[in-house]
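>>> Mind looking at a prediction? Sequence and model below.
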Amino acid sequence: MLRISTISRSFGDHRVLDDVSFDVEPGRMTGFLGANGAGKTTTMRIILGVLAPDSGSVTWNGKPVTQSVRQRFGYMPEERGLYPKMKVAEQIAWFGRLHGLSAAKATSNTEKLLEQLELAERADDKLEALSLGNQQRAQVAAALVHDPTLLILDEPFSGLDPIAVETVLRVLRERAADGVPVLFSSHQLAVVERLCDDLVIISGGRITASGGREELRERYGTPRYELVVDSDAGWLRDMPGIRVATLDGPRAVVEPEFGNGFAGTDGERLGQRILRAALERGEVRAFTPVVPTLDEIFKEAI
Ligand SMILES: Nc1ncnc2c1ncn2[C@@H]1O[C@H](COP(=O)(O)OP(=O)(O)OP(=O)(O)O)[C@@H](O)[C@H]1O
């Protein structure tokens, strides 16, 4: 497991990271979400040892990260680092050699990855001849070629078309399933919402929320119910203990006025009271919990 503990970093008098702590667990895809300039890249650079923190520490399986441990990490930097004039397979294998693979292993890993990333046909083309999306697939291959113990990827999905997103995702998921912790940054909510198991949200250099995706939904999203009846649901406005979030004739979305929403015993009782009141007035077409989207959580957490 990778543990980031109370890391702070300033550039001049600009405090870019402020007491940042979170874990990246084996076997999980952890999405690192934040607006431009929130501090994602700086955090990743510190994990990779490219940049030193002013205070705080990074540990791998409980120990400080040494150079030999770091050599086994896989990193896809924000400023993509491949050589435009070099052939795709040649340079991916070369990256494998830089990370200590034998020539034979570097070649076989490269071939397998290019196959998986659907780039095999472009193996002997120069990188610059590839579309931007394909260049990005090659970047992913370069980060993975040495079978890393940890994967840190800066915006790996940005600029990819939906098919390429699926291809890259399949490859990353396979690594995660093998027990590799995967941390990937993104400022695209929709991408992260679908792809991550765990989520770390950073805003202005501070972690504002972190945890399992479902757990965060429950913790941060305001729980609501949608009620659909057979006549106007305006009577909900007079019901004590709830607030009507939206009302459109027979269709309403309600949330508790105070406390922990509809979670817990009190919340459940309140839910049942709303349902009974609706049944007393006629037919109930639907009564369903509304799961908050990551978008709502993100807005609440920053
Ligand atoms: N070397 C540097 N010198 C001065 N300021 C820096 C340096 N590197 C980063 N910063 C500043 O630190 C802040 C965080 O930048 P960082 O690149 O970590 O954010 P980010 O979340 O990765 O954003 P983006 O999505 O735009 O890449 C920004 O205000 C940036 O201008």
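Good, I have the coordinates. Keep in mind that this is a model prediction, so the values were computed, not measured. Numbering: from 1, shown residues only.
>>> Run through the stretch 151-300 of the chain and note the low-pLDDT ranges.
The model of the stretch 151-300 of the chain has pLDDT under 70 over residues 220-222, 259-264, 294, 297-300.
>>> The closest residue to the ligand within it: neighbour count?
Closest approach between the stretch 151-300 of the chain and the ligand, counting by CB to the nearest ligand atom: H187, at 5.2 Å. Heads up, the C-betas are built off the backbone N, CA and C, glycines and all. By the criterion of other CB atoms under 10 Å, H187 has 16 neighbours.
>>> My read is that it contacts A35, right?
Yes - between H187 and A35 there is a contact under CB atoms under 8 Å: 6.0 Å.
>>> what does this protein put close to the ligand?
F11, V16, G34, N36, G37, A38, G39, K40, T41, T42, E78, H187 (CB under 6 Å from any ligand atom).
>>> Which of those residues fall within strands?
If you go by DSSP state E, the residues of the chain next to the ligand have F11, V16 in strands.
>>> Could you give me the ChimeraX syntax to select whichever of the residues of the chain next to the ligand are buried?
Buried subset of the residues of the chain next to the ligand, written as a ChimeraX selection, criterion 16 or more other CB atoms under 10 Å:
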select :16,34,38,39,40,41,42,187
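>>> Redo the residues of the chain next to the ligand as TSV? Include distance to T208.
Shown next, in TSV, are the residues of the chain next to the ligand (distance: CB to CB, whole Å):
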residue	distance to T208
F11	21
V16	15
G34	9
N36	16
G37	15
A38	10
G39	11
K40	13
T41	18
T42	16
E78	22
H187	14
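>>> CA atoms of the lengthiest helix in the chain as CSV?
Counting by DSSP state H, the longest helix found in the chain is helix 264-281. The C-alpha trace of helix 264-281 is given here as CSV (Å, rounded to 0.1, in the frame of the first residue of the first chain):
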residue,chain,number,x,y,z
GLY,A,264,-30.3,5.6,10.2
THR,A,265,-33.4,4.6,12.1
ASP,A,266,-34.9,8.1,12.3
GLY,A,267,-34.4,8.6,8.6
GLU,A,268,-36.0,5.3,7.8
ARG,A,269,-39.0,6.2,10.0
LEU,A,270,-39.3,9.5,8.2
GLY,A,271,-39.2,7.7,4.8
GLN,A,272,-42.0,5.4,5.9
ARG,A,273,-44.1,8.3,7.2
ILE,A,274,-43.8,10.0,3.8
LEU,A,275,-44.9,6.7,2.1
ARG,A,276,-47.8,6.2,4.4
ALA,A,277,-49.0,9.8,4.0
ALA,A,278,-48.9,9.3,0.2
LEU,A,279,-50.8,6.0,0.3
GLU,A,280,-53.5,7.7,2.4
ARG,A,281,-54.0,10.2,-0.4
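>>> Enumerate every residue touching D147.
Residues in contact with D147 (CB atoms under 8 Å, 6 or more residues apart in numbering) are N109.
>>> mean confidence for the helix or strand containing S5?
Applying DSSP states H and E as the criterion places S5 in strand 2-11. Per-residue pLDDT over strand 2-11 has a mean of 97.
>>> next one: stretch 60-78
On average, stretch 60-78 scores 92.
>>> Buried residues, that stretch. List them.
Quick answer for stretch 60-78 (16+ other CB under 10 Å): W60, V65, V69, R70, F73, G74, Y75, M76, P77.
>>> again with stretch 89-103
For stretch 89-103, by 16+ other CB under 10 Å, it's A89, Q91, I92, A93, W94, F95, G96, H99, L101.
>>> Show me how far that stretch is from its chain's centre.
Relative to the centre of its chain, stretch 89-103 is centred 29 Å away, using CA atoms, centre = their mean, to the nearest Å.
>>> Now tell me what touches it from outside.
By CB under 8 Å, 6+ apart, stretch 89-103 touches 71-72, 82-83, 86, 105-107, 109-111, 113-114, 123-124, 127, 138, 141-142, 145-146.
>>> Are any of those buried, and if so which?
82, 105-107, 109-110, 113-114, 123, 127, 138, 141-142, 145-146.
>>> Could I get the contacting residues of the closest residue to M86 other than its chain neighbours?
Closest residue to M86 apart from its sequence neighbours, by CB to CB, 6 or more residues apart in numbering: L127 at 6.3 Å. Shown in contact with L127 (CB under 8 Å, 6+ apart): L82, Y83, P84, K85, M86, K87, V88, Q91, Q135, A138.
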